[in-house]
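Enquirer: Can you look at this prediction? I've put the sequence above it.
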There are 2 protein chains.
Amino acid sequence: MSEKKPTRSELKRQAIIEAAKQAFQELGVQGTSMDELAARAQVSKRTVYNHFASKEALVMYLIGELWQQAIQSPDCNYNPDSDLHSQLRLLLEQEIKIICNPQYIELNRMAFDHFFHQPEALRKEVEKFKANETGVQCWIKSAVADGRLNQLDLEIASGQIHNLIKGSCFWPQLLQLSDPPTPAEQEALAERTAAMFLSRYQV
Amino acid sequence: MSEKKPTRSELKRQAIIEAAKQAFQELGVQGTSMDELAARAQVSKRTVYNHFASKEALVMYLIGELWQQAIQSPDCNYNPDSDLHSQLRLLLEQEIKIICNPQYIELNRMAFDHFFHQPEALRKEVEKFKANETGVQCWIKSAVADGRLNQLDLEIASGQIHNLIKGSCFWPQLLQLSDPPTPAEQEALAERTAAMFLSRYQV
DNA sequence: CCAAGTAAACTATACAGTGCAGTTTATTAC
DNA sequence: GTAATAAACTGCACTGTATAGTTTACTTGG
């Protein structure tokens, strides 16, 4: 019974947030008026403004909120006693799964929409996501130190991996040019990316 | 003397087009009002509407015009008697040069801005650009037929090359996340992309 | 002369955000 | 239980601004 009852105010707030996520994704931030938004949330426009000082504030809140969910990045987990290929493949599968997550795409779509003409602000937002790329970098570093990969430029090598991945399952989805890949396609992508990377760099 | 005199009307038209290119790139399509545009072109707003029936028509005209300049794709040019690596490297350098062309980026930025919330129309526009990718495909096919590359899936293999390239010199520039690469950087990109591709697929 | 351009006012619409009077809901006091 | 009270929600009219596109009366270059 420590379960709390959500107050009415809380319910309205959630309705607004939910409607905003939906509408912003569907119509774009620019394309969604606050009247439209209030109608979707079945809430008076005044109430929207009681919860969020401005449209901008609402957008920034959503970006911040969704951003939180996407932080957790897979660990390094380099294992000196096991096959490089299967290790890398597994690591990439994890990264791919995160990137393919529709919410992750949504967030990026909204952020890009909002920031498309503010390159400075966009740069800042995107930097946050760079954190997700450190897992692979860490693994590569370990494998090089262990003498099982040739000397390489860490930035470039990990960049190559991420370009191979994102080119298939991030950019096209961001622009809705293709549907998100199925789990089977995700596995195939991890497989061939690992294969290509190791062909190039494995000792 | 067959050199023609641009009529005044022609001059005005060009001024409008020039101002539009500039303004749309700088402020975005949405962010540029027809008043602003006319002011930049030093032309009365009515004159803009005499040349272009609507803002939409102007945008579509620009997309079409710029698009024309970007079509010519490098030829196949597979040579059975020469080094694979240097051939591929050269081919990629050509493709990279096209992709890095600021006008090419501009065009895509404008198109994406305009079409971001019309996935269907965007898909159609982007398909036109797919033509640019056939050069590499043709080369790969020739090299495979010549027995100097292993069997491979053509779509996937050429996709890998283009993902490696675009991840470095298209997507980031499209979103103005980084500056266009210098010629030296372009060469390095061609070099390491060719190297990676051949590590994976060369016999 | 006249086709084209010009300036400026005008129409119509859309939208962010505010003000306010009245209503609902939840809490507290009796 | 019920009345008083505070807080949140509602509906709606309203302000101010931005912008696409039009109209009109006037000018000018070829």
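Expert: Received, thanks.
Enquirer: Which of the helices or strands spans the nearest residue in space to residue A:93 that is not next to it in sequence?
Expert: In space, and not counting its chain neighbours, residue A:93 is closest to residue A:190: 4.3 Å by Cβ to Cβ, 6 or more residues apart in numbering or on different chains. Yep, even glycine has a C-beta here, placed from its N, CA and C like the rest. Take DSSP states H and E as the rule and residue A:190 turns out to sit in helix A:183-201.
Enquirer: Please spell out which residues along that helix are buried.
Expert: A:186, A:189, A:190, A:192, A:193, A:194, A:196, A:197, A:198, A:200, A:201 (16 or more other Cβ atoms under 10 Å in any protein chain shown).
Enquirer: Next, the angle from that helix to helix B:183-201.
Expert: 110 degrees (axes from the mean of the first three to the mean of the last three Cα atoms, to 10 degrees).
Enquirer: Name the surrounding residues that touch helix A:183-201.
Expert: Helix A:183-201 is contacted by residues A:84-85, A:88-90, A:92-93, A:96-97, A:100, A:149-150, A:152, A:157, A:160-161, A:164-165, A:168-169, A:181, B:156, B:160, B:195-197, B:199-200 when judged by Cβ atoms under 8 Å, 6 or more residues apart in numbering or on different chains.
Enquirer: just stretch A:40-57 next, same as before
Expert: Applying Cβ under 8 Å, 6+ apart, the contact partners of stretch A:40-57 are A:12-13, A:15-16, A:18-20, A:22-23, A:29, A:34-35, A:37-38, A:58, A:61.
Enquirer: What is the most widely separated pair among those residues?
Expert: Pairwise distances across the contacts of stretch A:40-57 (Cβ to Cβ) peak at 21.1 Å, for the pair A:12 and A:29.
Enquirer: higher neighbour count, those two?
Expert: Neighbours per residue (other Cβ atoms under 10 Å in any protein chain shown) separate residue A:12 from residue A:29, with residue A:29 holding more: 22 against 19.
Enquirer: any idea how far the more buried one lies from residue A:55?
Expert: 8 Å (Cβ to Cβ, to the nearest Å).
Enquirer: same deal with residue A:82?
Expert: For residue A:82, the distance to residue A:55 - Cβ to Cβ - is 51 Å.
Enquirer: Just want to know which of the two has more residues nearby.
Expert: residue A:55 (17 against 10).
Enquirer: Looking at that one now. What's its pLDDT?
Expert: Looking at residue A:55, its pLDDT stands at 95.
Enquirer: C-terminal to the lowest-mean-pLDDT helix or strand in chain A, what's the next element?
Expert: Of all the helices and strands that make up chain A, helix A:119-130 has the lowest average by mean pLDDT, DSSP states H and E, namely a mean of 80. The helix or strand immediately downstream of helix A:119-130 is helix A:134-145, counting by DSSP H and E.
Enquirer: What's the mean pLDDT across that following helix?
Expert: The model assigns helix A:134-145 a mean pLDDT of 93.
Enquirer: What are the buried residues along stretch A:106-115?
Expert: The neighbour-count criterion (16+ other Cβ under 10 Å) identifies A:106, A:107, A:108, A:109, A:110, A:111, A:112, A:113, A:114, A:115 as the buried residues of stretch A:106-115.
Enquirer: By pLDDT, give me the weakest of those residues.
Expert: Ranked by pLDDT, those bottom out at residue A:107, which has 75.
Enquirer: does that residue really touch residue A:66, like I thought?
Expert: Yes - contact status for residue A:107 versus residue A:66: in contact at 4.0 Å, counting by Cβ atoms under 8 Å.
Enquirer: does any bit of stretch A:79-89 sit next to chain B?
Expert: No - Stretch A:79-89 lies out of reach of chain B by Cβ under 8 Å from any Cβ of the partner chain, never closer than 13.0 Å.
Enquirer: Check stretch A:109-126 too.
Expert: Yes - Stretch A:109-126 comes into contact with chain B (Cβ under 8 Å from any Cβ), by way of A:112, A:113, A:116, A:117, A:119, A:122, A:123, A:126.
Enquirer: dump the residue contacts of the last one.
Expert: Going back to what we said before, that points to residue A:126. Neighbours of residue A:126 in contact, by Cβ under 8 Å, 6+ apart: B:175, B:177.
Enquirer: what helix or strand is the spatially most central residue of chain A on?
Expert: Centroid check for chain A by Cα atoms, centre = their mean gives residue A:104 as the closest residue, at 3.4 Å. Element membership for residue A:104 (DSSP H and E) is helix A:102-115.
Enquirer: Send over that helix as PDB, restricted to the C-alpha atoms.
Expert: This file holds the C-alpha atoms of helix A:102-115, laid out as PDB (Å, rounded to 0.1, in the frame of the first residue of the first chain):
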ATOM      1  CA  PRO A 102      13.000   3.000 -31.700                       C
ATOM      2  CA  GLN A 103      13.100   5.300 -28.800                       C
ATOM      3  CA  TYR A 104      16.700   6.000 -29.400                       C
ATOM      4  CA  ILE A 105      15.800   6.900 -33.000                       C
ATOM      5  CA  GLU A 106      12.900   8.900 -32.000                       C
ATOM      6  CA  LEU A 107      15.000  11.000 -29.600                       C
ATOM      7  CA  ASN A 108      17.500  11.700 -32.300                       C
ATOM      8  CA  ARG A 109      14.900  12.600 -34.800                       C
ATOM      9  CA  MET A 110      13.300  15.000 -32.400                       C
ATOM     10  CA  ALA A 111      16.700  16.500 -31.500                       C
ATOM     11  CA  PHE A 112      17.700  16.800 -35.100                       C
ATOM     12  CA  ASP A 113      14.500  18.400 -36.100                       C
ATOM     13  CA  HIS A 114      14.700  20.900 -33.200                       C
ATOM     14  CA  PHE A 115      18.400  21.600 -33.700                       C
END
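Enquirer: could you say which helix or strand contains the nearest residue to residue A:105 once chain neighbours are set aside?
Expert: Of all residues not flanking residue A:105 in the chain, residue A:173 sits nearest, at 5.0 Å (Cβ to Cβ, 6+ apart). Using DSSP H and E, residue A:173 maps to helix A:171-174.
Enquirer: elements contacting that helix?
Expert: helix A:102-115 (3 or more Cβ pairs under 8 Å, 6 or more residues apart in numbering or on different chains; DSSP states H and E).
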